[in-house]
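In: here's a sequence, model it:
(one chain, ligands or ions: 1)
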Amino acid sequence: MFELLKTDPSSKARLGRVTTTRGVIDTPVFMPVGTQGSVKALDPRELQEMGTKIILGNTYHLNIRPGLDIIRDAGGLHRFINWPLPILTDSGGFQVFSLASIRKIKAHGVEFRSHLDGNLLFLGPKEAMEIQRVLGSDIAMVFDDCPPHTATVREVKEAIERTVRWAGECREQPRAPGQSVFGIIQGGSHAEQREECAKAIVALNFDGYAIGGVSVGEPETEMMKAVEHTVPFLPENQPRYAMGLGTPAQLVELVARGIDMFDCVLPTRVARNGTAFTAKGTVSIKAGFNKSDWRPIEEGCECFACRNFSRAYLRHLLNVEEILGLRMLSVHNSHMFLKVMADMRAHIAAGTFAEFRREFVGNYIPSERVLATRGQTKVRGADE
Ligand SMILES: [Zn+2]
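Out: Have a look, this model is predicted:
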């Protein structure tokens, strides 16, 4: 499934290729998030034009609405949403542990109330794999226990025990044709727990491995530690996925730490606040200083929004709440994230990743507000 094409001599960065029945994915790759069966404000044609090779769908949300029967009737998620390329579905574990209320953790899953209507629901390894089988995703994720970053060592240990046991149960469930399954490694930012969990999950022999329990509101240093404590125990010849991350500069730093795959709601989420990502950090397009700025969001950007519209016009659209403004910021931001990944692939291939990393991270001024938004993304996540 995964071919390791090249490694960077200056870091752990790698160039690779993931092959699925619906398409080939060059890595490092960014996967736009289509939680509810749509990458917010973007249509499949736009996504493909900007170079998207794989998107995310969400088991928890799609199972609640529209419900599995509708998607089964449609002939699977690809047909339902008319997306011909690969889809990765997350297992719903994260949402159950962060969104749902009144839960009872049982031996084979979690009893919880829907965040939507309070209905009593149950999701465990068997259910999560069955839903993902019907969705027909190309890559399915195991059902895991994702503890909050405030969890005690004891709670983290319990979460690991369940995560490993449930991963084993997921492993035994039937899959959709051609569907790969990735294991998830938990363990907070503790070196020992990450190692223990990684070794146990890798022993179960999955098609790829994800680092979970990051982007749950922890500081960036802890997030980087969680990744550094996990990567050494993951096989070289399989894809590695960091779940729910991050800002453009964080993506570069995580690629340098050996990660191949990413998903994040930031590009479309901050677009809806009128904020754009640029190589120098974020900029508020809504702000007054763009009133008569006739430049594009970012000089040199080849996205549809930058090729066609000025900051002044986009600011106007945002101020009068025209949908086009949000759509164009979503186009630009998603394009920007995909472009950073394409640049990294080109630089790893050319042997110039170290220079690229130094320059990119040096020029990028992180915004505290956006970092805070990242921390909230999934904890609050009901609207994603
Ligand atoms: Zn642009």
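In: strands along the stretch 201-350 of the chain, start to end?
Out: 208-211, 240-242, 261-263, 275-278, 281-284 (DSSP state E, counting those that start in this stretch).
In: who's in contact with the residue positioned nearest the centre of the chain?
Out: For the chain, residue 263 is the residue whose C-alpha lies nearest the centre (Cα atoms, centre = their mean; 1.8 Å). Applying Cβ atoms under 8 Å, 6 or more residues apart in numbering to residue 263 gives the contacts 30, 31, 32, 33, 56, 88, 241, 243, 244. To be clear about C-beta, it is placed using only N, CA and C from the backbone, and glycine gets the same treatment.
In: pretty sure the fifth one is in a strand, no?
Out: Spelled out, that is residue 56. Yes. Using DSSP: H, G, I helix; E, B strand; the rest coil, the assignment for residue 56 is a strand.
In: about what we covered before: partner residues bridging the residue nearest to the centre of the chain?
Out: Beta bridges link residue 263 to residue 31, judged by DSSP bridges.
In: and stretch 200-207, how far apart are its ends?
Out: 15 Å (Cα to Cα, to the nearest Å).
In: ok, stretch 72-86 next?
Out: End-to-end for stretch 72-86, by Cα to Cα: 18 Å.
In: next one: it to chain centre, how far?
Out: 20 Å (Cα atoms, centre = their mean, to the nearest Å).
In: ok, and what's touching it?
Out: With Cβ under 8 Å, 6+ apart as the criterion, stretch 72-86 contacts 20, 22-23, 25, 34, 37-38, 44, 47-48, 52-55, 57, 62, 70-71, 87, 89, 134-139, 176.
In: distance check, residue 81 against residue 47.
Out: Per Cβ to Cβ, to the nearest Å, residue 81 is found 11 Å from residue 47.
In: can you check the pLDDT for the residue of the stretch 51-200 of the chain found nearest the ion?
Out: Per Cβ to the ion, residue 51 is where the stretch 51-200 of the chain lies closest to the ion, at 12.9 Å. Note on residue 51: pLDDT of 97.
In: how many neighbours does the closest residue to it other than its chain neighbours have?
Out: Leaving aside its chain neighbours, residue 51 sits nearest to residue 338 (4.9 Å; criterion: Cβ to Cβ, 6 or more residues apart in numbering). Neighbour count for residue 338, taken as other Cβ atoms under 10 Å: 21.
In: who's in contact with residue 338?
Out: Counting by Cβ under 8 Å, 6+ apart, residue 338 has contacts 30, 32, 50, 51, 52.
In: interface residues of the stretch 51-200 of the chain facing the ion?
Out: Counting by Cβ under 5 Å from the ion, the stretch 51-200 of the chain comes close to the ion at no residue.
In: hey, which helix is longest across the chain?
Out: Criterion DSSP state H: the longest helix present in the chain is helix 323-350.
In: how about stretch 223-231: buried residues?
Out: 223, 224, 225, 226, 227, 229, 230, 231 (16 or more other Cβ atoms under 10 Å).
In: quickly note the distance from the residue nearest to residue 116 when sequence neighbours are not counted to residue 114.
Out: Distances taken as Cβ to Cβ, 6+ apart place residue 64 nearest to residue 116, at 5.8 Å, with adjacent residues excluded. According to Cβ to Cβ, residue 64 stands 6 Å off from residue 114.
In: more crowded one of those two?
Out: residue 64 (20 against 16).
In: where does the more buried one land on pLDDT?
Out: For residue 64, the model assigns a pLDDT of 93.
In: and for residue 1?
Out: In this model, residue 1 carries a pLDDT of 92.
In: let me see the contact set for it.
Out: So residue 1 contacts 18, 19, 20, 180, 207, 208, 238, 239 (Cβ under 8 Å, 6+ apart).
In: quick one: the first one is in a strand?
Out: Going back to what we said before, that points to residue 18. Yes. The assignment for residue 18 by three-state DSSP puts it in a strand.
In: from here on, count from 831
Out: With 831 as the first residue, the last one maps to residue 848.
In: just the buried members of the contacts of residue 831?
Out: For the contacts of residue 831, buried by 16+ other Cβ under 10 Å: 848, 850, 1010, 1037, 1038, 1068, 1069.
In: quick one: is the longest helix of the chain near the ion?
Out: Yes. Applying Cβ under 5 Å from the ion, one finds helix 1153-1180 touching the ion at residue 1162.
In: so what's the gap between that helix and the chain middle?
Out: Using Cα atoms, centre = their mean, the offset of helix 1153-1180 from its chain centre is 14 Å.
In: report the buried residues of that helix.
Out: 1155-1171, 1174-1175, 1177-1178.
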